[in-house]
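1. just the structure for this:
(2 chains)
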There are 2 protein chains.
Amino acid sequence: MTAPASRRLDGLVQALQRLPGIGVRSASRMAYHLLQHDREGALRLAQALQDAVAGVRHCALCHTFAEEEVCPTCADPTREAAQLCVVETPADQAALERTGAYQGRYFVLMGRLSPLDGIGPEHIGVRALLQRLQTPPPVREVILATSFTAEGEATAHVIAQLARPLGLTVTRLARGVPVGSELEFVDLGTIAHALADRR
Amino acid sequence: MTAPASRRLDGLVQALQRLPGIGVRSASRMAYHLLQHDREGALRLAQALQDAVAGVRHCALCHTFAEEEVCPTCADPTREAAQLCVVETPADQAALERTGAYQGRYFVLMGRLSPLDGIGPEHIGVRALLQRLQTPPPVREVILATSFTAEGEATAHVIAQLARPLGLTVTRLARGVPVGSELEFVDLGTIAHALADRR
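-> Okay, the predicted model is just below:
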């Protein structure tokens, strides 16, 4: 709340508060910084926002952000079409890709179930996923790679219940002790899972 | 770094990192949020950035952000012209205004000296302040209201040394025990100052 209010400055501070995790104090700091030290950065950000809104849509197959009708990963003919790994966000997909251990296709939900926040199956890509599972190329295995949190588990559960009646194999990423950890410092739930799933 | 890279999405993530305090992770989260849930907010932010860059400049008298040649505070004829309170940012000015205890004019440095970050007197409004002090309406007292940190104190010191040769009274906000505090929990430096400046 600057005393000698500039309408445009106030407008910028308000608009910056639409960013997740940004309150009025951070927004003011950002606005001051951009106007005082980085007006070129401000204009570049404005352009990037407009470009992204105009040009970024969802891949028709995997629902991730893409500029084309079908994203490069889905369009890649060398990837195993029978496996479909379901993740919550493009960042989760990127993490899986960096492992180099997966050669199948993806489906990106763009969220997870969160009844407390009013996010039900209709708000994330569950309907699009169902459609995808019934569209060629045929999928034989659905790998659930949602988070291992209460919300991620609920999301995985709902998807498993939808996919099994279609005759698909449904698997979940293994729970267990993270690589590099000493057992003493691993939480009990993880150890219990690792014990039950021992191989 | 999303695996199925969209050039526009990457561009947005990069542009968001120009904001102070925003790294690649926060920037990705912001970009996903805007594109998934708030495209209208993204466009509004783009417009606000462009409006602010185009329309916000510095007040010719006090150097704060303003849309006019002279900001409303400086243009207010009821404010005491002989007192000039020097602050670091518009937020500091706003804090002083909220007290309702000051009726004079302001000068906003838009920063503070920080030799370690390479910020010298030429990077903040020191030159404009000197000019202001020699421009009518005449100033008789300069009130230094920079932060009570090492950098704020250094800034105050430099300004005092420039203002005194002009024959101006130079004062500093009082250091002392904050209202509402119990002495037991106040740091020793503050108590020492409060003792020395007792009245």
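2. parallel or antiparallel, list what pairs with the lengthiest strand in chain A.
-> Longest strand of chain A, by residue count under DSSP state E: strand A:80-87. Using DSSP bridges, strand A:80-87 pairs in its sheet with strand A:104-108 (parallel), strand A:141-144 (parallel).
3. average pLDDT for the first one?
-> Okay, so that is strand A:104-108. Taken as a whole, strand A:104-108 has an average pLDDT of 93.
4. CA atoms only: put that strand into CSV for me.
-> Extracted as CSV, the C-alpha positions of strand A:104-108 are listed here (Å, rounded to 0.1, in the frame of the first residue of the first chain):
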residue,chain,number,x,y,z
GLY,A,104,6.8,-46.2,-22.6
ARG,A,105,4.2,-43.4,-23.0
TYR,A,106,2.8,-41.0,-20.4
PHE,A,107,-0.5,-39.5,-19.3
VAL,A,108,-0.3,-36.3,-17.3
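5. give the buried residues for that strand.
-> By 16 or more other Cβ atoms under 10 Å in any protein chain shown, the buried positions in strand A:104-108 come out as A:104-108. Quick note: C-beta positions are derived from backbone N, CA and C, even for glycine.
6. what lies in contact with the very next helix or strand once past it?
-> Note on strand A:104-108: by DSSP states H and E, the next helix or strand toward the C-terminus is helix A:126-133. By Cβ atoms under 8 Å, 6 or more residues apart in numbering or on different chains, the residues outside helix A:126-133 that reach it are A:58, A:61-63, A:84, A:86, A:107, A:109, A:121, A:139, A:142, A:158-159, A:162-163, A:166, A:168.
7. rerun at 7 Å
-> A:61, A:63, A:86, A:107, A:139, A:158-159, A:162-163, A:166, A:168 (Cβ atoms under 7 Å, 6 or more residues apart in numbering or on different chains).
8. which helix runs longest in chain A?
-> Counting residues, the longest helix found in chain A (DSSP state H) is helix A:39-55.
9. walk me through the domains of chain A.
-> A:7-55, A:71-172 (the TED database).
10. which one of those domains is the most hemmed in?
-> domain A:7-55 (a mean of 19; mean count of other Cβ atoms under 10 Å in any protein chain shown).
11. that one - what's its average pLDDT?
-> Here domain A:7-55 scores 94 as its mean pLDDT.
12. chain center to that domain, what's the gap?
-> Offset of domain A:7-55 from its chain centre (Cα atoms, centre = their mean, to the nearest Å): 24 Å.
13. cool, and stretch A:186-199?
-> The answer for stretch A:186-199 is 26 Å, by Cα atoms, centre = their mean.
14. same question, stretch A:67-82
-> How far stretch A:67-82 lies from its chain's middle: 18 Å, per Cα atoms, centre = their mean.
15. what does stretch A:113-128 give?
-> Distance, centroid of stretch A:113-128 to centroid of chain: 13 Å (Cα atoms, centre = their mean).
16. repeat for stretch A:88-107
-> 10 Å.
17. so what would you say the end-to-end distance of that stretch is?
-> End-to-end span of stretch A:88-107 (Cα to Cα, to the nearest Å): 8 Å.
18. repeat for stretch A:132-143
-> End-to-end distance (Cα to Cα), stretch A:132-143: 14 Å.
19. doesn't A:His193 fall inside a helix?
-> Yes - counting by DSSP: H, G, I helix; E, B strand; the rest coil, A:His193 is part of a helix.
20. tell me the secondary structure at the residue nearest to it when sequence neighbours are not counted.
-> Once flanking residues are discounted, A:His193 sits nearest to A:Arg175: 4.0 Å by Cβ to Cβ, 6 or more residues apart in numbering or on different chains. With three-state DSSP as the basis, A:Arg175 sits in coil.
21. mind listing what A:Arg175 touches?
-> Residues counted as contacts of A:Arg175 (Cβ under 7 Å, 6+ apart) are A:148, A:190, A:193-194, A:197.
22. A:Ile143 contacts A:Val87, correct?
-> No - if you go by Cβ atoms under 7 Å, A:Ile143 and A:Val87 don't touch, sitting 9.2 Å apart.
23. which among the domains of chain A is found nearest to B:Glu153?
-> Nearest of these to B:Glu153, taken as Cβ to Cβ: domain A:7-55 at 21.6 Å.
24. can the closest one be found next to chain B?
-> Yes - residues of domain A:7-55 contacting chain B under Cβ under 7 Å from any Cβ of the partner chain: A:7-9, A:11-12, A:15-16, A:18-21, A:26, A:28-33, A:35-36, A:38-39, A:41-46, A:48-53, A:55.
25. got the confidence number for the most centrally placed residue in chain A?
-> In chain A, the residue lying closest to the centroid (Cα atoms, centre = their mean) is A:Thr89, at 0.9 Å. If you check A:Thr89, the pLDDT there is 89.
26. give me the phi and psi angles of it.
-> phi -140, psi 160 (degrees, to the nearest 10).
27. name the pair among the buried residues of strand A:104-108 with the greatest separation in space.
-> Among the buried residues of strand A:104-108, A:Gly104 and A:Val108 lie farthest apart (Cβ to Cβ), at 13.4 Å.
28. I'd like the next helix or strand past the longest strand of chain A.
-> According to DSSP H and E, the helix or strand after strand A:80-87 is helix A:90-99.
29. what helices and strands are in contact with that following helix?
-> If contacts are counted by 3 or more Cβ pairs under 7 Å, 6 or more residues apart in numbering or on different chains; DSSP states H and E, helix A:90-99 sits against strand A:80-87, strand A:104-108.
30. switch to 10 Å and redo it
-> strand A:80-87, strand A:104-108, helix B:24-37 (3 or more Cβ pairs under 10 Å, 6 or more residues apart in numbering or on different chains; DSSP states H and E).
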